[in-house]
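Novice: just need the structure, nothing else, for what follows:
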Amino acid sequence: LKLQFLYFIGMAYPGAKMSSGSAGPPSMDEREGLVQTWHIPAKQNPMMKHQASLPRLPVPPLEQSLSMYLNSVRPLCSEDEWKRTKDAVMDFLTSGLGAELQERLQKRAAQKSNSSWLIDWWNELSYFGYRDPVVIYVSYFYQFVADKWSNMVQTRRAAGYVKAALRYRDLVASEQLAPEMAGKTPQDMSMYKYLFNATRIPKTGKDYYATFDLQCNSHVIVMRKGKAYSLETRQNGKELSMDEIAQQLEKIKGMAGASGAKTPVGLLTAENRDVWADAREHLVATGNEKQLRAIDSSTLVVCLDDNMPESIDAKARVVWHGDGANRWFDKPLQFIVSENGEAGFIGEHGIMDGTPTNACVDWVLNTLAVSPAKAEVGPGVNQALHAPEEIVFKTDSKSEENVRKAAVAFKKLIDGQELRVLDWKHFGKNGIKKLKVSPDAFCQMAIQLAYKRLNGKYGATYEACSTRGFLHGRTETIRSCHTPGAKFVAAMDGNTSAKQKYQLLQKAAAHQSWYARAASKAQGCDRHLMGLKLLCKENEKPALFSDPMYTFSSSWVLSTSALASEHFASWGFGEVVPNGYGVGYLANKNNLAFTLTSRTDLPLPASAFHTELNKALYDMHEMCKAALTAKM
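Specialist: This next block holds a predicted model:
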């Protein structure tokens, strides 16, 4: 079996952990203004002009995916495991069942020619059917660097985010936003309708997303001291200026006072999804439908925290989860600003990958960095402003008990998490390029080296890759633990010369880049094998899927993803298996940043990984310099 050698580096976010449940497509609920999820728009405004012509997500050749899978598991196998896995793969290929399942998947793809054969499965099994809390397990965060334009004044900085986000919202609503491009390849833009005035709604068994009319809902929700306030951004047909929004935010701080909410309902959004669904139903039954709708329909959420984080780890943790009370984790856009002006963003991952929010947030921060005036659309209202309105929930003893339990569960969840940021200032992607190595491959091999040194073995590794070059594409897996990489890692602590180590690094980087490009073209093996498995009938039990290596090799002890933004100090997400690490990393021009997360009860938690990764980066850089110097 042969693999096709391809190249590309894609960036997205790791898929959340898979849950058991129905393999069929979700039934889309029509309540709460939910729009039909996947369609090709009739209008051809700039943002959607490529949508109808995007290629459909392909079904890769069966032999190719099986070969890719087999090669990827080799470093994880003992000799006995390797023989058993090879036999299972060959049986699947030659028995006729693999060919039958491939035909079924191709028929499904043909039936979904106006969408994607994967999207319904992926949304349900990875996100909407997943019942653990979204915070830690699904959400992701961006921590911002300090800026100059706001003087790090909390309400000024928050007001700037609101104003610039409203300009981006205008572009999305009018579909005048330029379509995203990956090089010369147009990207699917269907996720953008879930950026603003949207929310995830908890429902027992399976959540869904609701969207609301942008023209009828121009308010934002402001969280302060665990209390929610509705701030209207328009008055008498005019949009509030940045200064006026800042004034309103100061009013909200005064209204909230010094004490926290007695019953901070936002904590419920950090609960298990079925628990939150039941609690929400009770809130509706006790007269809170209007209050919930005000939050659900809001443009976005701004959280004015009363903390003052100083260290990079503390700043990251504030943005990642905060105190739980001053958040509404179901919203896809949530800006957080601390009392000392430190700020960031947290996103809900259910129906939208990180690339659209990354593009949106980067646009917001770029606009403000160039000139805050670019976020203005006029002089403002210039008259007495209506006071922001507190959203007061009616809570009986049952709702109060639900919130109390949510607070206990949240504390237990957060206390069980460790986060460390490796803020690497010695070089960035420009420095790595001088070593004649792909920056992403360099980072991935450093992660592999650190993990092997720490744990004494190799681990199944997920690197997220966007497939938005296809209609309704989401992600594919780059399996970053592979034989060329394992050979490089082994050599780094062996008695080989710098030149030999460097050559092995080049081979590992080439393989990493090859796999990444294949994945970006939807030619990886993971989504394909998932589709084949889901199409098995009850009496069809291929050895491939019952082989322990199939489960083990996709239990991502290293869940990794990369992005680049000069406006971010760090970004990250939680680990996806109890014995694993989350690794979100930045490869900026002159610096790298790795956010490492794990359970605190892991014998070698994120702090230990931080130490080894710091050493791995240094050792690899010194080795590359020595090898290149020897060539001269």
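Novice: rest of the way, CA atoms for contacts and neighbours
Specialist: OK.
Novice: ok, Gly226 - contacts?
Specialist: 260-261, 264-266, 325-327 (Cα atoms under 8 Å, 6 or more residues apart in numbering).
Novice: hmm, 6 Å instead?
Specialist: 260-261, 264, 325-326 (Cα atoms under 6 Å, 6 or more residues apart in numbering).
Novice: mind putting those residues in CSV, pLDDT and secondary structure included?
Specialist: Putting these into CSV (pLDDT from 0 to 100; DSSP: H, G, I helix; E, B strand; the rest coil) gives the following:
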residue, pLDDT, secondary structure
Gly260, 94, coil
Ala261, 96, coil
Pro264, 98, coil
Ala325, 98, coil
Asn326, 98, coil
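Novice: of those, closest to Glu244?
Specialist: Asn326 (22.9 Å; Cα to Cα).
Novice: measure that closest one to Thr269 for me?
Specialist: 11 Å (Cα to Cα, to the nearest Å).
Novice: kindly report the same for Thr204.
Specialist: Thr204 is 14 Å from Thr269, by Cα to Cα.
Novice: between these two, who's got more neighbours?
Specialist: Thr269 (28 against 14; other Cα atoms under 10 Å).
Novice: next, give phi and psi for the more buried one.
Specialist: Main-chain torsions, Thr269, degrees, to the nearest 10: phi -70, psi -10.
Novice: number of residues surrounding the closest residue to it other than its chain neighbours?
Specialist: The spatially closest residue to Thr269, leaving aside those adjacent along the chain, is Phe329, at 5.5 Å (Cα to Cα, 6 or more residues apart in numbering). Look at Phe329: counted by other Cα under 10 Å, it has 27 neighbours.
Novice: tell me which element Phe329 is part of?
Specialist: Counting by DSSP states H and E, no helix or strand carries Phe329.
Novice: mind pulling up the pLDDT for it?
Specialist: Phe329 carries a pLDDT value of 98.
Novice: any figure for the gap between it and Asp147?
Specialist: For Phe329 relative to Asp147 (Cα to Cα), the value is 26 Å.
Novice: Ala491 too?
Specialist: 43 Å.
Novice: so in the protein, which helix runs the longest?
Specialist: Secondary structure of the chain read by DSSP state H shows that its longest helix is helix 606-631.
Novice: buried ones in the host helix or strand of Glu100?
Specialist: Taking DSSP H and E as the criterion, Glu100 maps to helix 97-111. Of the residues in helix 97-111, those buried by neighbour count under the rule 16 or more other Cα atoms under 10 Å are 97-99, 101-102, 104-106, 108-109.
Novice: what's the closest of those to Asp188?
Specialist: Taking Cα to Cα as the measure, Asp188 lies nearest Ala109 of these, at 17.4 Å.
Novice: next, count neighbours for the closest residue to that closest one other than its chain neighbours.
Specialist: Leaving aside its chain neighbours, Ala109 sits nearest to Trp117 (4.7 Å; criterion: Cα to Cα, 6+ apart). By the measure other Cα under 10 Å, the count of residues near Trp117 is 25.
Novice: got the phi and psi for Trp117?
Specialist: According to degrees, to the nearest 10, Trp117 has phi -70, psi -20.
Novice: gap between Lys227 and Leu385?
Specialist: 21 Å.
Novice: so for these two, which sits in the more crowded spot?
Specialist: Between Lys227 and Leu385, counted using other Cα under 10 Å, Lys227 has the larger neighbour count: 26 against 15.
Novice: which residues touch that one?
Specialist: Residues in contact with Lys227 (Cα under 6 Å, 6+ apart) are Ala261.
Novice: against Ser466, how distant is it?
Specialist: In terms of Cα to Cα, Lys227 sits 37 Å off from Ser466.
Novice: what do you get for Ala110?
Specialist: Distance from Ala110 to Ser466, by Cα to Cα: 22 Å.
Novice: Ala316 too?
Specialist: In terms of Cα to Cα, Ala316 sits 25 Å off from Ser466.
Novice: where does this protein dip in pLDDT?
Specialist: 1-43, 632 (pLDDT under 70).
Novice: measure how buried the nearest residue to Phe393 once chain neighbours are set aside is and give me the count.
Specialist: When the adjacent residues along the chain are set aside, Phe393 lies closest to Asn288, with 6.2 Å between them (Cα to Cα, 6+ apart). Using other Cα under 10 Å, Asn288 has 18 neighbouring residues.
Novice: how near is Asn288 to Ile391?
Specialist: Counting by Cα to Cα, the gap from Asn288 to Ile391 is 10 Å.
Novice: before we move on, what about Trp424?
Specialist: 43 Å.
Novice: ok but Thr597 is inside a strand, no?
Specialist: Yes. Judged by DSSP: H, G, I helix; E, B strand; the rest coil, Thr597 forms part of a strand.
Novice: could you shift the numbering so residue one becomes 20, and keep it that way?
Specialist: Shifting the count to begin at 20 puts that one at Thr616.
Novice: partner residues bridging it?
Specialist: Leu438, Gly601 (DSSP bridges).
Novice: for it, list the residues it contacts.
Specialist: Residues near Thr616 by Cα under 6 Å, 6+ apart: 437-438, 593, 600-601, 625.
Novice: I'd like to know which of these is nearest to Ala296.
Specialist: Closest approach to Ala296 among the contacts of Thr616 (Cα to Cα): Gly593, at 22.7 Å.
Novice: give me the phi and psi for Ser91.
Specialist: Main-chain dihedrals, Ser91, degrees, to the nearest 10: phi -70, psi -30.
Novice: what is the neighbour count of it?
Specialist: The burial count for Ser91: 20, using other Cα under 10 Å.
Novice: for Tyr156, what are its contacts?
Specialist: Contacts of Tyr156 (Cα under 6 Å, 6+ apart): Gly593.
Novice: do you know how far it is from Lys444?
Specialist: 29 Å.
Novice: can you check Ser114 too?
Specialist: Taken as Cα to Cα, the span from Ser114 to Lys444 is 54 Å.
Novice: what of Lys131?
Specialist: 48 Å.
Novice: neighbour count winner among those two?
Specialist: It is Lys131, of Lys131 and Lys444, that has more neighbours when counted by other Cα under 10 Å, with 15 against 10.
Novice: how close does that one sit to Val78?
Specialist: 12 Å.
Novice: same deal with Met511?
Specialist: Met511 is 38 Å from Val78, by Cα to Cα.
Novice: same thing with Thr113?
Specialist: 19 Å.
Novice: the two - which one has more neighbours?
Specialist: Val78 (20 against 10).
Novice: give me the phi and psi angles of the more buried one.
Specialist: phi -100, psi 110.
Novice: same check on Pro205?
Specialist: phi -60, psi 150.
Novice: just list whatever residues bridge to it.
Specialist: What pairs with Pro205, by the bridge criterion (DSSP bridges), is Met200.
Novice: tell me what the one helix or strand Arg175 maps to is packed against?
Specialist: Using DSSP H and E, Arg175 maps to helix 173-193. Packing partners of helix 173-193 (3 or more Cα pairs under 6 Å, 6 or more residues apart in numbering; DSSP states H and E): helix 261-275.
Novice: 7 Å instead?
Specialist: Applying 3 or more Cα pairs under 7 Å, 6 or more residues apart in numbering; DSSP states H and E, one finds that helix 173-193 makes contact with helix 261-275, helix 373-389.
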